[in-house]
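*Asks:* I would like the atomic coordinates for the input below:
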Amino acid sequence: MTDDQVDTRNLAAMDGHEVRGGFRCHHYDAEDEKFTKPYEWKHCKEMEVGETYEVHWPHSAAGACGTVNQYQTPFYDGVFCNLDLETFSTLGPQDIASAVGVQAQIYTVVNDEAYFYPDLIRGWIADGVDGMAQDIAYYTGSTTGTSRSNTICSQYTPITWQVDRKCHMISASSFDKLCYDMKLQRDDMSSDLHAHGSRELVKDDMVANNQARNRKLHDHDHDHNGAHGHDHDHDNVVHTHDHEANGDITEEQKRHLRAYGHYHKSSDHHHEWY
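*Replies:* Numbers count the residues shown, from 1 in each chain. Presented below is the predicted three-dimensional model:
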């Protein structure tokens, strides 16, 4: 990306105030309309086609995952809401790291429905065909954002991070659907419908020394408890799909099925998930 493109593609912020931008993906092409054609946002606020956004999905054994109170504002309320203050005060670093984690995925927003994924509210996209959540970095860190720095630390630490190392393209409508779902939560998530600023880079001497990388090169079972070390709770959602050969569906339909983890190899029916 050139300096001119950076100047003309300012990261949008709420109330006209600039927020600290982070690194960008390298998908952007000023000659390709899908990166430049404006999208009529209905639910997300101050977002732009062509920009890069990182989405975080907290998981917590001490929170309300799998209940109507799973998503709360501020989101910290949902991370430790099942613990009383006395119990919380006794937690050690490993207790927190073992109980609380965040998954993160990075996207360039495009105005192209070929990149539509319908259900970001339920978690990151794991798609072996499109290479999503296949090359993952694992490490311990903390909650993030502009209120944290190299002098002001987070009280929520250490927590386990799983970050998709690849940048992906996703349609603006996918984000707008996410914002719509966020507005429907019992504890309205309206304060998170816009992009928050990026944390400043962590000083080298403060970075955890336990990073690990896992590149998935094989199919895996849809039960994520063993594959990722976390619950990927689908109890509140019923998936209906048949197991007939998928030869007659379109590529776009296959993409939508893969977004749910429900596109099978047409040659067998043994739940080898893409």
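
*Asks:* Return the set of residues that bridge with the residue nearest the centre of the chain.
*Replies:* Nearest to the mean C-alpha position of the chain, by C-alpha atoms, centre = their mean, lies Val55 at 3.7 Å. According to DSSP bridges, the partner residues bridging Val55 are Gln105.

*Asks:* now the one 5 residues further on
*Replies:* In this structure, Ser60 bridges to Val100 when assessed by DSSP bridges.

*Asks:* For it, list the residues it contacts.
*Replies:* Applying C-beta atoms under 8 Å, 6 or more residues apart in numbering, one finds that Ser60 lies in contact with Gly78, Val79, Phe80, Ala99, Val100, Gly101. Yep, even glycine has a C-beta here, placed from its N, CA and C like the rest.

*Asks:* Val102 - how many residues pack around it?
*Replies:* 20 (other C-beta atoms under 10 Å).

*Asks:* same for the helix or strand hosting it, what does it pack against?
*Replies:* Applying DSSP states H and E as the criterion places Val102 in strand 100-110. Contacts of strand 100-110 with other secondary structure elements, assessed using 3 or more C-beta pairs under 8 Å, 6 or more residues apart in numbering; DSSP states H and E, are made with strand 52-60, strand 159-171, helix 172-183.

*Asks:* picking up where we left off before, tell me who's in contact with the residue nearest to the centre of the chain.
*Replies:* Here Val55 is in contact with Ala104, Gln105, Ile106, Tyr107, Leu120, Trp124, Leu178 (C-beta under 8 Å, 6+ apart).

*Asks:* again with Cys44
*Replies:* Taking C-beta under 8 Å, 6+ apart as the definition of contact, the neighbours of Cys44 are Phe175, Asp176, Leu178, Cys179, Leu193, His194.

*Asks:* can you put those residues in a markdown table and add pLDDT and distance to Phe116?
*Replies:* Rendered in a markdown table, the data for the contacts of Cys44 read as follows (pLDDT from 0 to 100; distance: C-beta to C-beta, whole Å):
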| residue | pLDDT | distance to Phe116 |
| --- | --- | --- |
| Phe175 | 98 | 10 |
| Asp176 | 98 | 10 |
| Leu178 | 97 | 12 |
| Cys179 | 97 | 14 |
| Leu193 | 94 | 19 |
| His194 | 92 | 21 |
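
*Asks:* follow-up on the earlier one: and the contacts of Ser60 as CSV, adding pLDDT, distance to Ile136 and neighbour count?
*Replies:* What follows is the contacts of Ser60, written out as CSV (pLDDT from 0 to 100; distance: C-beta to C-beta, whole Å; neighbours: other C-beta atoms under 10 Å):
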residue, pLDDT, distance to Ile136, neighbour count
Gly78, 76, 23, 23
Val79, 80, 21, 25
Phe80, 79, 25, 20
Ala99, 88, 20, 18
Val100, 88, 17, 22
Gly101, 90, 12, 21
